[in-house]
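Enquirer: Starting from these lines, generate the structure:
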Amino acid sequence: MSKIKVLIIDDSALIRKMLREVFDSTEDIDVVGVASDPLIARDKIKQLNPDVITLDVEMPRMDGLQFLSNLMRLRPMPVVMVSTLTEKGAPETLEALEMGAVDYICKPKAQSPDEFYEFAEALCDKVRIASQARVVAVETTRSQKTTRVVTRETNDNYKRIIAVGSSTGGTEAISEVLSSLPVNCPPIVISQHIPEVFSASLAKRLDNRYPMEVLEARNDLEVTPGRVIIAQGGRHLRFRRKGDQLFTIVDDGPKQNLHKPSVEAMFDSLLQVAGGKRLVAVMLTGMGADGAVAMKRLHDAGALTMAQDEASSVVWGMPKSAYELGAVDELIPLTGIASEMIKKARLI
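Expert: Predicted coordinates for the structure are as follows:
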């Protein structure tokens, strides 16, 4: 089996050295080159034909976002962004994902061996996943968004809550789904694997873009039509019931399935307080299997379930796992999920 060819693009010699050492410690990833700025990288891409690029956001001569935009327009290929874990850097990272980057990872801040080992392991996993990801030219994605007619509903007689789980590729999949929902959409709760400082920026970005209210989770938010609640990064999204209404709980408990927020934690909490017959569960693109087993529990308890199909997923990991467990009623292309959500939310 051939190794995954990686090109490292970062203006810091220290970071380039660190990333090379991480990849050199594996048996399946080969660093074919490094570049200190995008202009050098442009020539190396032509010469070396890498399978995956790791790209810094802030660099001299041409910033990483401009380079990424050009790359995805002219020669789309898998890119993992290596960014700084700060609130200031979150919008740029989310913009990179919108442009077509497969995933991102935050540079380690501390010098502890445990944190570095966790970073190294996560980085290699992301590169492996990126090498198998479906990457399309920017024009293809944007043309789909601009030509779609946005659904406008007049009847908001919803019987069910929509619960969405996602990971790799999920921020853009979520945006795609919300772009086709009306202002009075069904009540929606989302657990997307995301770092703590990024979730507020994601919610704000989506709230500014679409007609419904999009909020980062905090304690005691009511789950109600016209509102989308996104789990805080680094916190599970759970719920409590008061009469017929559900309210959010932000939980700082241990990770589940190696994740926090965990899709499983959200699904199981909803099952406990609302019951399956009040729910529609949706699994979007993402690596791994978080939420698959819990989705089967929801399905067996009467929830209506759907998952993004393989062809439209960046990484068909979580949807595939749920499908193979028998937890999924339907596999649906990303562009069809919004209309199905509205339809199923009205079913008793």
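Enquirer: Enumerate every residue touching Ser262.
Expert: Applying C-beta atoms under 8 Å, 6 or more residues apart in numbering to Ser262 gives the contacts Ser191, His236, Lys255, Gln256, Asp290, Gly291. C-beta here means a position set from N, CA and C on the backbone, and glycine is covered the same way.
Enquirer: right, and the fourth one touches Ser269 too?
Expert: It refers to Gln256. No: using C-beta atoms under 8 Å, Gln256 is not in contact with Ser269, being 10.9 Å away.
Enquirer: Between the two, which is the more surrounded one?
Expert: Ser269 (22 against 18; other C-beta atoms under 10 Å).
Enquirer: Which of the helices or strands spans the closest residue to the more buried one other than its chain neighbours?
Expert: Nearest residue to Ser269, sequence neighbours excluded (C-beta to C-beta, 6 or more residues apart in numbering): Arg238, at 3.9 Å. Using DSSP states H and E, Arg238 falls within strand 236-242.
Enquirer: What residues of that strand count as buried?
Expert: His236, Leu237, Arg238, Phe239 (16 or more other C-beta atoms under 10 Å).
Enquirer: Send me that strand as CSV with only the CA atoms.
Expert: What follows is strand 236-242 as a C-alpha-only set of coordinates in CSV (Å, rounded to 0.1, in the frame of the first residue of the first chain):
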residue,chain,number,x,y,z
HIS,A,236,-22.1,18.1,26.0
LEU,A,237,-25.6,19.3,25.0
ARG,A,238,-28.2,17.7,27.3
PHE,A,239,-31.8,18.6,28.1
ARG,A,240,-34.4,18.8,30.9
ARG,A,241,-38.1,18.8,30.6
LYS,A,242,-40.6,21.2,32.1
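Enquirer: Distance from that strand to the middle of the chain?
Expert: 22 Å (C-alpha atoms, centre = their mean, to the nearest Å).
Enquirer: For that strand, which outside residues touch it?
Expert: In contact with strand 236-242 (C-beta under 8 Å, 6+ apart) are residues 189, 191, 217, 223, 229, 231, 246-253, 256, 260-262, 265-266, 269-270, 273-274.
Enquirer: Now, of these, which are buried?
Expert: By 16+ other C-beta under 10 Å, these give 189, 191, 217, 223, 229, 231, 246, 248-251, 256, 260-262, 265-266, 269-270, 273-274 as buried.
Enquirer: picking up where we left off before, pairing partners for the strand holding Arg238, with directions?
Expert: strand 245-251 (antiparallel) (DSSP bridges).
Enquirer: Name the surrounding residues that touch the strand it pairs with.
Expert: 161, 189, 217-224, 229, 232, 235-241, 265, 269-270, 273-274.
Enquirer: One more: stretch 70-83?
Expert: 10, 15, 19, 45, 50-57, 64, 68, 89, 92-93, 96-97, 99-107, 123, 126-127, 130-131, 133, 135-139.
Enquirer: Those residues in strands, which ones?
Expert: Taking DSSP state E, the ones among the contacts of stretch 70-83 that sit in strands are Val52, Ile53, Thr54, Leu55, Asp56, Asp103, Tyr104, Ile105, Cys106.
Enquirer: The second one is in contact with Arg42, isn't it?
Expert: No: taking contact to mean C-beta under 8 Å, the distance of 11.0 Å between Ile53 and Arg42 leaves them out of contact.
Enquirer: hmm, which two among the contacts of Ser262 are most spread apart?
Expert: Using C-beta to C-beta, the contacts of Ser262 reach their maximum pairwise distance at Lys255 and Gly291, which is 13.4 Å.
Enquirer: In space, what's closest to Pro235 - neighbours in sequence excluded?
Expert: One thing to correct before we go on: residue 235 is Arg, not Pro. That would be Val250: by C-beta to C-beta, 6+ apart, it lies 4.9 Å from Arg235.
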